[in-house]
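Visitor: Fold the following and give me the result.
(chains A and B)
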Amino acid sequence: MTEFFQTHLGAGFGWFVANLILILLIALPLMLAVAMIIYADRKIWAAIALRKGPNVVGPFGLLQSFADGLKVFLQETIIPSASNRGLFLMAPIITFTVALLAWAVIPFGPGMVLADINVGLLYVLAISSLGVYGVVISGWASNSKYPFFSAMRAAAQMISYEVSIGFILISVILWAGTSNLGGIIDAQRGTILGIFNANALNPLLFPIAVLFFISSLAETARAPFDLTEAESELVAGYQTEYSSMAFALFWLGEYANVILMCALNALLFWGGWLPPVDWAPLYYVPGIIWFFLKIGICFFMFSWVKATVPRYRYDQLMRLGWKIFLPISLFWVFLVSGYLMITRYGALS
Amino acid sequence: MIQTFAFYLFATIVLLSGAFTIFAKNPVHSVLWLILAFFNAAGLMVLAGAEFIAMLLVIVYVGAVAVLFLFVVMMLDIDFAELRAGFARYLFFGIVLAVFLAIELVLGLEAFRAGAIKLGTATSAPVDAAVPNLEAIGALLYTKYVFLFEAAGLILLVAMIGAIVLTHRKRSGTRPQNVAKQVRRRPQDAVRNLTPEIGQGVDL
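Guide: Numbers count the residues shown, from 1 in each chain, chains lettered A, B, ... in the order given. Modelled structure (predicted):
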């Protein structure tokens, strides 16, 4: 597509227009996906609790999220008088923007990626580490007790789990030999006996696939680690003082982050756009369908966990992050690199 | 052209946010300006072709160090009147420090004009531009500079242990939880079914 625009509009301007269109092609469907995934979340949650869930707006309640969006859009924006006005309004914008930024390097299919950079995975890690600012700034700028507690919790929680996520990503990078996301997917082709395309089915990497799934729950502050918005203790956490579109931006950003983490699970451990089995007829299905299917399954597991697992206590959360996940993931970096040194790079011979 | 424009954009924002870091009255605003400066410095690194360093800058400084700064500064309840009251007391030291910095600045600029010192000849050839950052740095760090690299790691480890030893204090009267014990506990260890006589009560 870039070439098409470059031939018609000149090299510089054509490139600009093509990339703008590509960005919109990612961002707009993502917003739609967020709306649908909120609906799916509520439906799954309801089904597990033996309720019906949203079923009034549109067929099967499919338009519920849009109705909610319209309601929120028409509400009055209330800015608490004691708040720090500029930062108060900036916080949801940061959350929302950061949630969109990371999608630039996610490959949707062979070659279907906006920015095919060598440090793709590091970029994702860098951007996801920015997500905490939206929460921390909103908590502080609200100038209110509960949001402030929530901000403190969020800052400590996300840093703790980013450490183990970093080590897990290092293990994956070592295994693939590249930090380019496309390269990591290619390295998973036929990784198990030439049959399965998934790092997670590799006995050596399976434990860290589980660790990564749990860490991504903690990183997106989903149940059972949703201590930042624990309603029994903190009202609604950092969102307490927010209303109307500012609140909606938090909402959208949060779910965009959840989809991103599901996409990362699919990319790093479940083969991304590769079919699950390395069998020629399966390759006729477009890669993007396999990718979305894997994201969907991962999201179902997120919802499932949310519906069934009770919330952690804060000291348990910290203990899990620092005393269990950190040592295990660090040990796995040694294990994977040692294994690779012996088998792939011939350290003993 | 666009690179020049981007460079001046990032550089201007770095300098401005650096200045605001110092001038902001509210310490939380200072930290936020500092974060903006880090972020744009990462942009400059990308322009210089050092994308790995740029990502590290964002991950380490923006993602971890600055969050802790923000965390600490938010927790502090800073009294601005008290801060300003100390101004006259520290004025003398401030001036001495400023004079030294000014001397260093002048010396540095003059030394820069005089040309580079000959410290030795560069032995390694510049890395091929086609080699990714990550591989180039890794190949150098884990072969030629492996001992320096490990020494740096050792120093950081000592610093970490030192910080823990300095701040750790044994508190008495706490009742730490033994998670293994909690998990091991079964209903039959904790629950008894009794049928007491009316008016007799039960032994606890």
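
Visitor: my guess is A:Ala99 contacts A:Leu260, does it?
Guide: Yes. Under the criterion of C-beta atoms under 8 Å, A:Ala99 makes contact with A:Leu260 at 6.8 Å. The C-beta positions use only the backbone N, C-alpha and C, and glycine is treated the same way.

Visitor: Do a quick rundown of the helices in the stretch 101-250 of chain A.
Guide: A:120-128, A:131-141, A:145-176, A:181-186, A:206-219, A:231-234, A:244-269 (DSSP state H, counting those that start in this stretch).

Visitor: Those helices: lowest mean pLDDT?
Guide: Sorting the helices of the stretch 101-250 of chain A by mean pLDDT places helix A:231-234 lowest, at a mean of 78.

Visitor: For it, what is the distance to the chain centroid?
Guide: Offset of helix A:231-234 from its chain centre (C-alpha atoms, centre = their mean, to the nearest Å): 24 Å.

Visitor: What is that helix packed up against?
Guide: Judged by 3 or more C-beta pairs under 8 Å, 6 or more residues apart in numbering or on different chains; DSSP states H and E, helix A:231-234 is in contact with helix A:145-176.

Visitor: Is there proximity between the helix it packs on and chain B?
Guide: Yes. In terms of C-beta under 8 Å from any C-beta of the partner chain, part of helix A:145-176 sits within range of chain B, namely A:Phe148, A:Ala151, A:Met152, A:Ala155, A:Ala156, A:Met158, A:Ile159, A:Glu162, A:Gly166.

Visitor: want to try TSV for those, with neighbour count as columns?
Guide: Conversion of the residues of helix A:145-176 next to chain B to TSV gives the following (neighbours: other C-beta atoms under 10 Å in any protein chain shown):
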residue	neighbour count
A:Phe148	21
A:Ala151	28
A:Met152	19
A:Ala155	21
A:Ala156	19
A:Met158	26
A:Ile159	17
A:Glu162	23
A:Gly166	20
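
Visitor: Using the three-state scheme, assign the residue nearest the centre of chain B.
Guide: Nearest residue to the geometric centre of chain B (C-alpha atoms, centre = their mean): B:Val65, 2.6 Å. Recorded secondary structure, B:Val65: helix (DSSP: H, G, I helix; E, B strand; the rest coil).

Visitor: Distance-wise, check it relative to A:Tyr123.
Guide: Distance of B:Val65 to A:Tyr123, given as C-beta to C-beta, to the nearest Å: 19 Å.

Visitor: Restrict stretch A:72-84 to CA atoms and write it as PDB.
Guide: Extracted in PDB, the C-alpha atoms of stretch A:72-84 (Å, rounded to 0.1, in the frame of the first residue of the first chain):
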ATOM      1  CA  VAL A  72     -21.000   8.500  29.100                       C
ATOM      2  CA  PHE A  73     -20.500  10.900  26.300                       C
ATOM      3  CA  LEU A  74     -23.700  12.900  27.200                       C
ATOM      4  CA  GLN A  75     -22.800  13.100  30.900                       C
ATOM      5  CA  GLU A  76     -21.500  16.300  32.500                       C
ATOM      6  CA  THR A  77     -17.700  16.400  33.000                       C
ATOM      7  CA  ILE A  78     -17.100  17.100  36.700                       C
ATOM      8  CA  ILE A  79     -13.700  18.400  37.800                       C
ATOM      9  CA  PRO A  80     -13.300  18.400  41.600                       C
ATOM     10  CA  SER A  81     -12.400  21.900  42.700                       C
ATOM     11  CA  ALA A  82      -9.600  20.700  44.900                       C
ATOM     12  CA  SER A  83      -8.000  18.700  42.100                       C
ATOM     13  CA  ASN A  84      -4.900  19.700  40.100                       C
END
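
Visitor: In chain B, which helix is the longest?
Guide: Using DSSP state H to define each element, chain B has its longest helix at helix B:91-114.

Visitor: what's the pLDDT at the residue of chain B found nearest chain A?
Guide: In chain B, the residue that lies nearest chain A is B:Gly63 (2.8 Å; C-beta to the nearest C-beta). With respect to pLDDT, B:Gly63 scores 82.

Visitor: For it, which non-adjacent residue is spatially closest?
Guide: Closest residue to B:Gly63 apart from its sequence neighbours, by C-beta to C-beta, 6 or more residues apart in numbering or on different chains: A:Ser129 at 2.8 Å.

Visitor: same question, B:His29
Guide: Spatial nearest neighbour of B:His29, excluding adjacent residues (C-beta to C-beta, 6+ apart): B:Phe20 at 7.6 Å.

Visitor: Return the distance of that neighbour relative to B:Leu105.
Guide: Distance, B:Phe20 to B:Leu105, using C-beta to C-beta: 21 Å.

Visitor: Going by how many neighbours each has, rank these two and give me the top one.
Guide: Shown here are B:Phe20 and B:Leu105; by other C-beta atoms under 10 Å in any protein chain shown, B:Phe20 has more neighbours (16 against 10).

Visitor: Just list what whatever helix or strand that one lives in packs against, helices and strands only.
Guide: Assessed by DSSP states H and E, B:Phe20 sits inside helix B:2-23. Packing partners of helix B:2-23 (3+ C-beta pairs under 8 Å, 6+ apart): helix B:27-47.

Visitor: Restrict the helix it packs on to CA atoms and write it as PDB.
Guide: Written as PDB, here are the backbone C-alpha positions of helix B:27-47 (Å, rounded to 0.1, in the frame of the first residue of the first chain):
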ATOM      1  CA  PRO B  27       8.000  18.800  43.400                       C
ATOM      2  CA  VAL B  28       5.500  16.400  41.700                       C
ATOM      3  CA  HIS B  29       5.400  18.700  38.700                       C
ATOM      4  CA  SER B  30       9.200  18.700  38.800                       C
ATOM      5  CA  VAL B  31       9.300  14.900  38.500                       C
ATOM      6  CA  LEU B  32       6.800  15.000  35.700                       C
ATOM      7  CA  TRP B  33       8.900  17.500  33.800                       C
ATOM      8  CA  LEU B  34      11.900  15.200  34.400                       C
ATOM      9  CA  ILE B  35      10.000  12.300  32.900                       C
ATOM     10  CA  LEU B  36       9.200  14.400  29.800                       C
ATOM     11  CA  ALA B  37      12.900  15.200  29.500                       C
ATOM     12  CA  PHE B  38      13.800  11.500  29.700                       C
ATOM     13  CA  PHE B  39      11.300  10.600  27.100                       C
ATOM     14  CA  ASN B  40      12.500  13.200  24.700                       C
ATOM     15  CA  ALA B  41      16.100  12.200  25.300                       C
ATOM     16  CA  ALA B  42      15.000   8.700  24.200                       C
ATOM     17  CA  GLY B  43      13.700  10.300  21.100                       C
ATOM     18  CA  LEU B  44      17.200  11.900  20.500                       C
ATOM     19  CA  MET B  45      18.700   8.400  20.900                       C
ATOM     20  CA  VAL B  46      16.400   7.000  18.300                       C
ATOM     21  CA  LEU B  47      17.500   9.800  15.900                       C
END
